[in-house]
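>>> attaching a predicted model along with its sequence, questions to come.
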Amino acid sequence: MINLSIPKTAGCLLIICLVHINSIVKAQNSVKEPVVQEEKINSLLQKMTLEEKVGQMNQYNGFWEITGPAPKDGDAKKKYDHLRKGMVGAVLNVKGTENVRKLQEIAVKETRLGIPLLFGYDVIHGHKTLFPIPLGEAASWDLAAIETSARTAAIEASAAGINWTFAPMVDITRDARWGRVMEGAGEDTYLGTKIGLARIKGFQGDDLAANNTIIACAKHFAGYGFAEAGRDYNTVDVGTSTLYNTILPPFKAAVEAGVQTVMNSFNTLNGVPATGNKWLQRDILKDAWKFNGFVVSDWGSGMEMIDHGFAANLKQVAEQSANAGSDMDMESYAYVNHLKELVETGKVDIKLVDDAVRRILRVKYKLGLFDDPYKYCDAAREKELIY
C-alpha cells in the first residue's frame, strides 16, 4: 500500500500555498474589470480630437424645448450645435425619460464618437417624493432613515432619466446667517461625516451599473460653510486646525467611500478661489487622497473667479481652473471657448486635459452608459416608480 499521507510541515506549506494562490486569483479577479475599463478609456482618448476632449469637460444647462424643433438662432442654437459636434460632456436640469432620451440620442447617434452624456440634477431631499430638508434629516440622527431617503430619491431620479445628483452637501457650518445651512448636516464634523456617507450609500448603492443608482457629488470643496458673515460666495479665511479638523474630514471620508464626483466651491480659501486652487484639487484631493473620480465646478464658479479679482477674464479662468484640477466646467463657458487655444499655445498641458477627460469617461463607464446609453430612459419604469 502506498502511503498518501502528507507530512504536517508539507501540509502546512500546501495550505499556505493554496491560500496564497487563492488570494492572488481573487486579487486578479478584483482588478480585471478596472484594467479592461482603463484600456477602453485609453483607446477612446487616442481617437478624440482636442476639441472633443474639451467638450467632455463642458457642462451646459438644459437649453431648449428638447422635444420641440431644434433652435434656429441665439445661445440655444450654439449649445445645440456644440452638442451635435461632441462638445458637451454633461447637461443639468434635463429630466424625464422622453427629454433625456432625445438628448442622449443626439450624443450617441449624431456625434463622431457617440460618447453618452451625463444628466445631472439637484436631487437634494427627495426627487418627487419629498423628505425633510437635509438639516431636518440630520436632526433625527437616524442614519438608516437618511440612507433610505437617499435610496428612494435615487430610485425615482434614475427612473426619470437622471444619473447624477449634486448631493450630498457635506459643508460644516456654524453661522446660521448662511442660508445654505439647510442643505447640510449642521455644525458637527463627526455627525456631518456620517450623514454624508449614509446619503452617498443611498444614492450610489452597491452597484453603479444598476439602473436605479445615481452618482453622488460631495460638495463644496472646500470651506463654503465658513463664508465671512454668512454671505454666499464670500471670502473664507481659516487656520489649519479648522481646515484639517473641521472642514476636510467629511470630504476625505466621502472619497474613501467611493463618491464619484466632487464639486468645488464659489468661495476663496485663504485668498485663492476654490475653482482655481491647485493645492485643494490636485495636491490634496487627487494626489494625497487618491480620488479617481472627477471634479465639477459649481454653477458659473469659474466666472466668479473674476469677481474675486483672481482672474481678469474667462481665458484666464480656463487656464487657472484647468491647471488647478477643475475637470468639468458648469455653465462658465470658459473651457469650451478658450481651453483648446490654451493647450495649443502651451498654457495648459495636454496631459492635464487627458487626465480630466479620463476621469469623466471612467465615471460614464462605471455607470454602464457605454453598454446601454438609454438605461435611464424607460418610460414604463418612470411611470411605475415615480411616487
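Received, thanks. As the structure is a prediction and not an experimental result, all values here were calculated from the model.

>>> chain center to stretch 161-174, what's the gap?
Put simply, stretch 161-174 sits 10 Å off its chain's centre (CA atoms, centre = their mean, to the nearest Å).

>>> same deal with stretch 102-115?
So, by CA atoms, centre = their mean, the centroid of stretch 102-115 is 21 Å from its chain's centroid.

>>> buried stuff in it?
Residues K102, L103, Q104, I106, A107, V108, T111, I115 are the ones in stretch 102-115 that count as buried (16 or more other CB atoms under 10 Å). To be clear about C-beta, it is placed using only N, CA and C from the backbone, and glycine gets the same treatment.

>>> what's the answer for stretch 229-246, then?
Those buried within stretch 229-246 under the rule 16+ other CB under 10 Å are G230, Y233, N234, T235, V236, T242, L243, T246.

>>> ok, so of the buried residues of stretch 102-115, who is nearest D206?
Q104 (24.9 Å; CB to CB).

>>> show residues contacting the one helix or strand that closest one maps to.
Q104 belongs to helix 97-105 when assigned by DSSP states H and E. Applying CB atoms under 8 Å, 6 or more residues apart in numbering, the set of residues contacting helix 97-105 from outside is 62, 66-67, 83, 91, 94, 116-117, 119, 159-162, 373-374, 376-379, 381-382.

>>> so of these, which ones are in helices?
Counted as lying in helices by DSSP state H, out of the contacts of helix 97-105, are L83, A159, A379, R381, E382.

>>> in a markdown table: those, plus pLDDT and distance to V272.
Shown next, in a markdown table, are the ones in helices among the contacts of helix 97-105 (pLDDT from 0 to 100; distance: CB to CB, whole Å):
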| residue | pLDDT | distance to V272 |
| --- | --- | --- |
| L83 | 97 | 33 |
| A159 | 98 | 41 |
| A379 | 97 | 46 |
| R381 | 97 | 45 |
| E382 | 98 | 43 |
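
>>> for those residues, which one is nearest G202?
A159 (15.2 Å).

>>> please name the residues that touch the residue nearest to the closest one when sequence neighbours are not counted.
Spatial nearest neighbour of A159, excluding adjacent residues (CB to CB, 6 or more residues apart in numbering): L385 at 4.1 Å. Going by CB under 8 Å, 6+ apart, L385 touches I155, E156, A159.

>>> kindly indicate which of the residues you listed lies nearest D287.
Closest approach to D287 among the contacts of L385 (CB to CB): I155, at 35.5 Å.

>>> so what does that closest one have for phi and psi?
As for I155, its main-chain torsions (degrees, to the nearest 10) stand at phi -60, psi -50.

>>> any idea how far the closest residue to it other than its chain neighbours is from Q316?
For I155, ignoring the flanking residues on the chain, the nearest one in space by CB to CB, 6+ apart is N212 at 4.9 Å. N212 sits 42 Å away from Q316, going by CB to CB, to the nearest Å.

>>> cool, V363 as well?
28 Å.

>>> equivalent analysis for L191, please.
Counting by CB to CB, the gap from L191 to Q316 is 40 Å.

>>> of these two, which one has the most company?
Q316 (19 against 16; other CB atoms under 10 Å).

>>> and the more buried one, that one's in a helix?
Yes: counting by DSSP: H, G, I helix; E, B strand; the rest coil, Q316 is part of a helix.

>>> and it, what does it touch?
Taking CB under 8 Å, 6+ apart, one finds M305 in contact with Q316.

>>> bridged to L92, which residues?
N61, G120 (DSSP bridges).

>>> now do the same contact list for it.
Going by CB under 8 Å, 6+ apart, the list of residues near L92 reads Q59, Y60, N61, G62, F119, G120, Y121, F166, M330.

>>> what is the most centrally placed residue in the chain paired to in the beta sheet?
Note on the chain: the residue nearest the mean C-alpha position is T261, at 2.2 Å, using CA atoms, centre = their mean. Following DSSP bridges, T261 is listed with bridge partners C217, F294.

>>> wait, doesn't it sit right on I214?
No: counting by CB atoms under 8 Å, T261 stays clear of I214, with 10.7 Å between them.

>>> okay, and the common contacts of those two?
The contact lists of T261 and I214 share W164, where a contact means CB under 8 Å, 6+ apart.

>>> could I get the buried residues of stretch 229-246 as CSV with secondary structure and distance to A288?
As requested, those are exported to CSV (DSSP: H, G, I helix; E, B strand; the rest coil; distance: CB to CB, whole Å):
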residue, secondary structure, distance to A288
G230, helix, 30
Y233, coil, 27
N234, coil, 27
T235, strand, 25
V236, strand, 20
T242, helix, 18
L243, helix, 13
T246, helix, 18
